[in-house]
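Build the 3D model from these lines:
(one chain, ligands or ions: 2)
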Amino acid sequence: MLLNEVLNQLPNINKCLEKGKILIIRIDINSPIINGKIIDDYRIRAHSYTLRLASDAGARAVVLAHQGRPGQDDFTSLEVHKPYIEKYLERPIKFVDDIIGPEARRQIKELKDGEILLLENVRMLSEEVIEKVPEAQAETMLVKKLAPLADYYVFDGFAVAHRSQPSVVGFPMVMPSCMGPVFEKELRALSVVFEKRGKGVVLLAGGAKIPDTIKAVEQLLKNGFVEKVAFGGLVGFVFAVARYGVLNTALKQEVEKGGYLPYVERARQLLSKYGEKIEVPVDFAINQNGRIDVDVFSLAQQPLDIGKSTTMQYKEVIDQAEVAIFSGPMGYIEDERFATGTVELLRAAAKKKLILGGGHTILAAEKAGVIDKAFHVSTGGRAFISTIGGEEMPAVKALLTSAAKFRL
Ligand SMILES: Nc1ncnc2c1ncn2[C@@H]1O[C@H](COP(=O)(O)OP(=O)(O)OP(=O)(O)O)[C@@H](O)[C@H]1O
Ligand SMILES: O=C(O)[C@H](O)COP(=O)(O)O
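Ligands and ions are numbered 1, 2, ... in the order given. Below you'll find the predicted structure:
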């Protein structure tokens, strides 16, 4: 189903905003954390708007969210996020280090109109990280314990919409549900891409998520949703190896190091099918006591950015376009010298209808000074790239089922 049809069928948050009603709101404030400190709060800022809407309407908000994955360094308590939410909301919120236990349930029952209660990292429940069909997720402890306490479920976590987890797809099966404003805004912005049916749409695809990016690009090209795709970042290495052969050992080594050699074959297939629609780097920047640019055949060490000729070539592609989608940086943006390709292309893309997504892409856009010029800045990482690829998100499917069942 097309995104605008989905949007017509799903109730938006206004249908769930009622004074005194208890809302379970699933947001995605999963943020980059280093040494216990949040280093980018873009998602928190975005979702604070949703919580403000609920609070201003006098609803009682129970907030579900995650941070990291069990076993990873950034798997922390959401207590870390509380002051950030309070900063953007300009009002205090409650936090409880419990999710479905007696203390959490007591605090939910005692909520007053306009209050917001943030529950602990929902991935501390082992059942949350197991993906299953929505009907099975409706049987989890999370849903069984919390759903009876609430009136509505609001799904706002676009960035986690691709996960068939209990907090995402379980609640819509058992209670009236609506989409939150962050999620709705994402779908509306991305529907612009689909409405164009590819005409004048270019994708700048970089970054490090090789399998996800290749999968999304396969879909986009197959469905005719883009006119051109220009590759950079690590995914650009894979396409350069595919286009120019494996003569170049430095590039091949980089691809091999990440275990991505099998993707070279998929890249080759895409190139043979859609060759004229795909742009591949012709040169790269390397570090030899500073940045120097070398053409793809002379490369003898790890490339850290697309080169100047590639940047020029991609700028021409952007100039011809109406909509530019930017997903993943073109180079190692953590080092100023190698952020040039990404920054220059972002500036060119900002003259068009620019849609961008991904943590590092947002950081680069901030660096390039274009974040406020973008038509849409997505909160999604994998969810963003998958949605533009035309993949149906489990959250969307569950909300559609809920809409048909509960008719808000
Ligand atoms: N040539 C390169 N050499 C080394 N690192 C690179 C290169 N090109 C891109 N990267 C790295 O890729 C990472 C970003 O890729 P990623 O796919 O995570 O993008 P993103 O915008 O952060 O998306 P998401 O939020 O989904 O993670 C950055 O750390 C960047 O330095
Ligand atoms: O950052 C993301 O992409 C989302 O929060 C989903 O996180 P996950 O990949 O750990 O499910």
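
Tell me the residues on the stretch 101-250 of the chain that lie near ligand 1, please.
Contacts of the stretch 101-250 of the chain with ligand 1, taken as Cβ under 6 Å from any ligand atom, map to 206, 207, 208, 209, 233, 234. C-betas here are computed from N, CA, C, even on glycine.

Report the buried members of the residues you listed.
206, 207, 209, 233, 234 (16 or more other Cβ atoms under 10 Å).

From these, which one has the minimum pLDDT?
Ranked by pLDDT, those bottom out at residue 209 (87).

how close does it sit to residue 359?
11 Å (Cβ to Cβ, to the nearest Å).

okay, and the common contacts of the two?
Common neighbours of residue 209 and residue 359, using Cβ atoms under 8 Å, 6 or more residues apart in numbering, are residue 381.

before we move on, back to that, turn the buried ones among the residues of the stretch 101-250 of the chain next to ligand 1 into JSON lines, including secondary structure and distance to residue 315.
Output for those, formatted as JSON lines (DSSP: H, G, I helix; E, B strand; the rest coil; distance: Cβ to Cβ, whole Å):
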{"residue": "206", "secondary structure": "coil", "distance to residue 315": "15"}
{"residue": "207", "secondary structure": "coil", "distance to residue 315": "19"}
{"residue": "209", "secondary structure": "coil", "distance to residue 315": "24"}
{"residue": "233", "secondary structure": "helix", "distance to residue 315": "17"}
{"residue": "234", "secondary structure": "helix", "distance to residue 315": "21"}
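
picking up where we left off before, let me know the closest of the residues of the stretch 101-250 of the chain next to ligand 1 to ligand 2.
Distance to ligand 2 across those (Cβ to the nearest ligand atom) is lowest for residue 209, with 9.6 Å.

hang on, that closest one packs against residue 385?
Yes - with contact defined as Cβ atoms under 8 Å, residue 209 counts as touching residue 385 (7.0 Å).

Below-threshold pLDDT in the stretch 51-200 of the chain: ranges please.
Applying pLDDT under 70 to the stretch 51-200 of the chain flags no residue at all.

Okay, strands next: where are they in the stretch 251-400 of the chain?
278-279, 283-287, 291-295, 305-306, 323-327, 353-357, 376-378 (DSSP state E, counting those that start in this stretch).

could you give the angle of the fifth one to strand 353-357?
Going back to what we said before, that points to strand 323-327. Relative orientation of strand 323-327 and strand 353-357, computed by axes from the mean of the first three to the mean of the last three Cα atoms, to 10 degrees: 20 degrees.

Please name the strands paired to strand 323-327 in the sheet, noting orientation.
Here strand 323-327 is paired, per DSSP bridges, with strand 201-205 (parallel), strand 353-357 (parallel).

go on, the fourth one?
In the sheet containing strand 305-306, its partner strands are strand 283-287 (antiparallel), by DSSP bridges.

and the partner strand with ligand 1, contact?
No - remark: strand 283-287 sits outside contact range of ligand 1, by Cβ under 6 Å from any ligand atom, the gap being at least 7.5 Å.

do stretch 41-60 as well
No - legend: contact between stretch 41-60 and ligand 1 by Cβ under 6 Å from any ligand atom is lacking; minimum distance shown is 9.8 Å.

what's the spacing between that stretch and its chain's center?
A distance of 19 Å separates the centroid of the chain from that of stretch 41-60, by Cα atoms, centre = their mean, to the nearest Å.
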